[in-house]
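> Next one to model:
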Amino acid sequence: MTNLDLCYTPASELARLYRSKELSPVDVVQNSLNRIEDVNPTLNCFCFTYPEEALDQARAAEQLFTKGGDDIPALTGIPVAIKDFTPTKGKTTTRGSKLLENWVPDWDPVLVQRMAAAGAIMVGKTTTPEFATSGFTDTPLWGTTRNPWNTDCTPGGSSGGSGASVSSGCVPFAEGTDMGGSVRIPAGLCGLVGLKPSLGRIPMDIIDNVFDNISHFGPLARTVTDATMFLDTVQGEHPSDIQSLPRCKLNIPAMGDVKGLKIALNINLGFYAVDPGVEANLRTVADALRDAGAEVTEVDLDWDKSVVDDWTGTWAVFMAAAYANVTDVPLDENRHRMSKGLAALVSAGQKIDAVTQRQWEFRRTIQWQKLGAILDNHHALLCPTMCIVAPSADLNDNDFADYDEDGTLHGMDMTSPFNYMAQCPALSVPSGFVNGLPTGAQIVARKWDDALSLRIGAAVEQALPWAQARPNI
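This next block holds a predicted model:
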């Protein structure tokens, strides 16, 4: 029998209950596995689970707490999910693709190593669209993943399985990757906390290019404290990633205190069409921050659609190179095994020349200078995470790529521009509901100041508690 209250107990509270011997890791991990069995036939958020291994580790964790001591790692006995995009030693990692359906990596990335060293227990791997290329989690290999708040809707992507797993109470937090919003999109659509940390805050060693500057690991969690625990566990420089940063102090005791902070508010980033309900919820967040002592001022960011168009081209080139690194089979010979979206992205990337890419960087510089000027006078920018609430799971990214004549984009996410501004942490926190579906507020802090984004997010969490909200599944 699944204990739903236990399903929605934060990781920070589980850790406290373990140490006081009020709760057993065996019971928690078994409950997690039970919950996966309950919801996975409907949500399709896990493609692999490891019940025997997870329970063995839970029993070992229980023995540690029975013996006691001050040296028990911080996440001992906490169940966690790892995205199927992220390699795991000795366990099949498909990246949602038939091209890799039999790939069994012989190594763990730094993030997985650090989670294991901290005592976290991987109960399974979560579904992702093919090569993590979509805001919808739907693949030829694993099928469609659904949103716990409304199973007709998508949980987003590309960390959609991770988002659905946390939102439905399978695990207290899960790992995701974010190259255009793939952590923040599921967070926004599933009512979660999702962080794209500063570039290099978590070593990125899984994409064969340590010089890439749009790619991040990040946590999906139900509370800011849990997201902070996750980040604190896996952050810190490592020789595998030349861009990795030294550990930063996350300053948890000060979280939630925003008195005196200056926060810039922008609704549409200059060119997005934003749902009125999303806007209303964002303004509620802004008012809550004002009530907490922050100075919130609406600003004109003056971006245009080129920031999205250029990111999309950059992403296409990235995927064309990644495809060539996976196989030497010509694209046309593999199309029948691939999702249409991935094939189209690779095809587009193969046609882009180097001079064009350099010109995108010139425009990217101009867009940064506009954001940088705002962050020079404000501690953070507040904007929506998504333009809309979760759309139908039967749609796809191409259904949200229409521009009006004036350049207004009728899109889905408002996240990819901040991968272009990769050094700035971007945190998505729940902002409310529209027609029973969650909305998200995005907090973009000054360069490398992850603690600041979490601190502001904690203030929103305290003013507008969302941890008690549960989908009816």
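> Can you give me the distance of the residue most central in space within the chain to V429?
The centroid of the chain falls nearest to V183 when counting by Cα atoms, centre = their mean (1.4 Å). Remark: distance between V183 and V429 (Cβ to Cβ, to the nearest Å) = 12 Å. Placement of C-beta: from N, CA and C, glycine included.
> same thing with N3?
27 Å.
> Looking at these two, which one has more neighbours?
More crowded of N3 and V429, by other Cβ atoms under 10 Å: V429, with 31 against 15.
> What does the closest residue to that one other than its chain neighbours show for phi and psi?
In this structure, V429 finds its nearest non-sequential neighbour in G457, 4.6 Å apart by Cβ to Cβ, 6 or more residues apart in numbering. Dihedral pair for G457: phi -60, psi -40, per degrees, to the nearest 10.
> So what's the residue count around G457?
Neighbours around G457, by other Cβ under 10 Å: 28.
> Next: R201.
Residues within reach of R201, counting by other Cβ under 10 Å, total 27.
> can I assume it is in contact with Q235?
Yes. The pair R201 and Q235 qualifies as a contact (Cβ atoms under 8 Å) at a distance of 5.3 Å.
> Check the contact lists of the two and give me the overlap.
L245, C248, D450 (Cβ atoms under 8 Å, 6 or more residues apart in numbering).
> Touching, the second one and K447? I think so.
No. When contacts are counted by Cβ under 8 Å, C248 is not listed as touching K447 (11.8 Å).
> Of those two, which one has the most company?
More crowded of C248 and K447, by other Cβ under 10 Å: C248, with 17 against 13.
> where does that one land in three-state SS?
Secondary structure for C248, judged by DSSP: H, G, I helix; E, B strand; the rest coil, is coil.
> which ones are touching it?
Taking Cβ under 8 Å, 6+ apart, we find C248 in contact with R201, Q235, W448, D450, A451.
> Mind checking which of those residues are in strands?
Judged by DSSP state E, the subset of the contacts of C248 located in strands is empty.
> Just name the closest of those to K91, please.
Q235 (23.9 Å; Cβ to Cβ).
> what's the spacing between the closest one and I263?
24 Å.
> re earlier: mind putting the contacts of C248 into TSV with pLDDT?
Below are the contacts of C248 laid out as TSV (pLDDT from 0 to 100):
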residue	pLDDT
R201	98
Q235	98
W448	97
D450	97
A451	95
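> Got a PyMOL select line for the buried ones in those residues?
Buried residues among the contacts of C248 (16 or more other Cβ atoms under 10 Å), as a PyMOL selection:
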select buried, resi 201+235+448+450+451
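> Next step: the contacts of C248 restricted to helices.
Among the contacts of C248, the members found in helices (DSSP state H) are D450, A451.
> hey, where'd the helices end up in the stretch 51-200 of the chain?
Using DSSP state H, counting those that start in this stretch, the helices of the stretch 51-200 of the chain run over residues 51-67, 110-117, 160-167, 184-190.
> For the ones you listed, give me CSV that also has mean neighbour count, distance to L301 and mean pLDDT.
Below are the helices of the stretch 51-200 of the chain laid out as CSV (neighbours: other Cβ atoms under 10 Å; distance: least, Cβ to Cβ, whole Å; pLDDT from 0 to 100):
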stretch, mean neighbour count, distance to L301, mean pLDDT
helix 51-67, 16, 45, 97
helix 110-117, 20, 32, 98
helix 160-167, 36, 27, 98
helix 184-190, 36, 18, 98
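> Ok, which of those helices comes nearest A343?
Ranking these by their distance to A343 (criterion: Cβ to Cβ) puts helix 160-167 first, at 19.8 Å.
> And the closest one, how far out from the chain middle?
How far helix 160-167 lies from its chain's middle: 10 Å, per Cα atoms, centre = their mean, to the nearest Å.
> What helices and strands are in contact with it?
Applying 3 or more Cβ pairs under 8 Å, 6 or more residues apart in numbering; DSSP states H and E, we find helix 160-167 packed against helix 25-43, strand 46-49, strand 79-83, strand 121-126, strand 173-178, helix 184-190, strand 216-221.
> Out of the ones you listed, which is the most enclosed?
Comparing the helices and strands packed on helix 160-167 by mean neighbour count (mean count of other Cβ atoms under 10 Å), helix 184-190 comes out on top with a mean of 36.
> Output the longest helix belonging to this structure.
helix 354-377.
> Which strands border the helix or strand immediately after it in the chain, and is each parallel or antiparallel?
Helices and strands here follow DSSP states H and E; after helix 354-377, the next one along the chain is strand 380-384. Strand 380-384 has the following strand partners under DSSP bridges: strand 262-265 (parallel), strand 437-445 (antiparallel).
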